[in-house]
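1. have a look; sequence and predicted model below, questions after that.
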Amino acid sequence: MYVLTKPARLSVDRVSVHTGLHPDLVRRFAALGLIECAVDDGGRLWFPPDTAARIARIQRLRGGLSLNYNAVALVLDLLDRIRVLEAQVRGGDPSWR
């Protein structure tokens, strides 16, 4: 069977398989706010499809720069803000003139 579309959300187990991380570490990343998740009525965590890429970035920052999780969160936040600002500049946002 072939999957033709990306799933709208990923379970903890699926994120764990895609990233090679233990499910408890995936849950910890969510608790620390390093990755986004939603909680359903049954208390299960669900993650957006880009979670594996975000975790790969977390691992690169942690391993390559020896950052603790608080520092990783700060760097991720700054990188996200830079991405938004660059998009605004490319889009011709008048507030940047």
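-> Received it, and whenever you're ready, just let me know what you need.
2. contacts made by stretch 8-16 with the rest, please.
-> Contact with stretch 8-16 is made by 7, 18, 21-23, 26-27, 38, 44-49, 51-52, 55, as judged by CB atoms under 8 Å, 6 or more residues apart in numbering. The way it works is simple: take the backbone N, C-alpha and C, and place the C-beta from them, glycine included.
3. for ChimeraX, write the select line for the buried members of those.
-> The following ChimeraX line selects those of the contacts of stretch 8-16 that are buried, judged by 16 or more other CB atoms under 10 Å:
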select :18,21,26,27,45,46,47,48,51,52,55
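4. from the contacts of stretch 8-16, which land in helices?
-> The helices, defined by DSSP state H, take in 18, 23, 26-27, 51-52, 55 from the contacts of stretch 8-16.
5. which residues are contacting stretch 41-51?
-> Stretch 41-51 is contacted from outside by 6-12, 15, 18-19, 26-27, 30, 35-40, using CB under 8 Å, 6+ apart.
6. buried ones from those, can you make that a ChimeraX selection?
-> Selection of the buried residues among the contacts of stretch 41-51 in ChimeraX, burial being defined by 16+ other CB under 10 Å:
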select :10,12,15,18,19,26,27,30,35,37
